[in-house]
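Novice: Have a look at this prediction, sequence included:
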Amino acid sequence: QVQLAESGGGSVEPGGSLRLSCVVSGFTYGSYCMGWFRQAPGKEREGVAAIDDESSTSYADSVKGRFTISKDNAKNIGYLQMNSLKPEDTAMYYCAADGVGFVEYSYNYWGQGTQVTVSS
């Protein structure tokens, strides 16, 4: 059974940084695409960053230059380094595995989410 567990969320002041982690367990075959999504109150969930099985990355325009996605295939851990955080980055962040880019319905596995709050 595949399980994803996010960690690393919290509260930070504008301009601060956080690193989210996503531990993937139970995956029985090689590399896979991982995505990070977020959902703010009253808004639809949106794709933030994705990394495919060849380590090619994609980012939403709103986070380009500030967020970095990476994945350690040997350890089955994904990361989202978030720098220069803004209040509008406040949301529940979810990692997802075995999908395509920012196509939510394509992902087979999802974590429970970790809250990120950016506020002074």
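Specialist: Okay, I see it. Residues are numbered from 1 along each chain as shown.
Novice: For the residue most central in space within the chain, give me its contacts.
Specialist: The centroid of the chain falls nearest to residue 36 when counting by C-alpha atoms, centre = their mean (2.5 Å). By C-beta atoms under 8 Å, 6 or more residues apart in numbering, the residues touching residue 36 are 20, 22, 47-50, 69, 78, 80, 93-96. Where you see a C-beta, it was placed from the backbone N, CA and C, and this is true even at glycine.
Novice: Quick check: the gap between residue 38 and residue 5.
Specialist: Per C-beta to C-beta, to the nearest Å, residue 38 is found 17 Å from residue 5.
Novice: Those two: who's more crowded?
Specialist: residue 38 (24 against 14; other C-beta atoms under 10 Å).
Novice: Cross-check the contact I'm expecting between that one and residue 92.
Specialist: Yes: using C-beta atoms under 8 Å, residue 38 is in contact with residue 92, at 6.6 Å.
Novice: who touches both of the two?
Specialist: Contacts common to residue 38 and residue 92, judged by C-beta under 8 Å, 6+ apart, are residue 116.
Novice: Figure out the helix or strand that residue 61 lives in.
Specialist: Secondary structure assignment for residue 61, by DSSP states H and E: no helix or strand.
Novice: can I assume residue 32 sits in a strand?
Specialist: No: the assignment for residue 32 (DSSP: H, G, I helix; E, B strand; the rest coil) gives coil, which keeps it out of a strand.
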